[in-house]
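Trainee: Sequence plus predicted model, see below.
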Amino acid sequence: MSLTPSQIESIAGLARLALKAEEVPAYTESLGRILGLVEQLGAADTSRVEPMAHPLTGQVQRLRPDEITSGNQRELNQRNAPEVEAGLYLVPRVIE
């Protein structure tokens with residue numbers, strides 16, 4: 001799929017990218033190649049592929065035991081905070 005320079009500039013605007021005029025041809029080529037690869041993937045015959053409900057079908061995921069590995073270190077962590085009150089971090093008000 002080929003893209004025009006105006007399409008690249010439109011995409012750059014949506015992505016909030018400031019492209020220089022000399023960068024547009026390179027992006028036109030590279031995005032065109034990417035879209036070409038996506039078109040090739042879309043053309044692949046997937047009619048005989050069964051959808052997966054879970055990526056580990058037939059396998060078991062090893063889980064670690066749900067155990068507490070470290071204790072409550074709130075006081076230690078709050079020593080670095082600029083302001084603390086009643087065990088809570090005080091932050092500047094953002095919304096008026």
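Mentor: Nice, thanks for sending it over.
Trainee: Give me the contacts around the helix or strand of the chain with the lowest mean pLDDT.
Mentor: In the chain, no helix or strand scores lower on mean pLDDT, DSSP states H and E than helix 74-78, which sits at a mean of 89. Applying Cβ atoms under 8 Å, 6 or more residues apart in numbering, the external contacts of helix 74-78 come out as 84, 87, 89. In short, each C-beta sits where N, CA and C put it, glycine included.
Trainee: Next, the contact list for residue 10, please.
Mentor: Residue 10 makes contact with no residue under the criterion Cβ under 8 Å, 6+ apart.
Trainee: moving C-terminal of the helix or strand encompassing it, what's the next helix or strand?
Mentor: Under the criterion DSSP states H and E, the helix or strand holding residue 10 is helix 5-14. Per DSSP H and E, helix 5-14 leads on to helix 24-42 as the next helix or strand towards the C-terminus.
Trainee: If you count contacts, what does that following helix end up packed against?
Mentor: In terms of contacts (3 or more Cβ pairs under 8 Å, 6 or more residues apart in numbering; DSSP states H and E), helix 24-42 is packed against helix 5-14.
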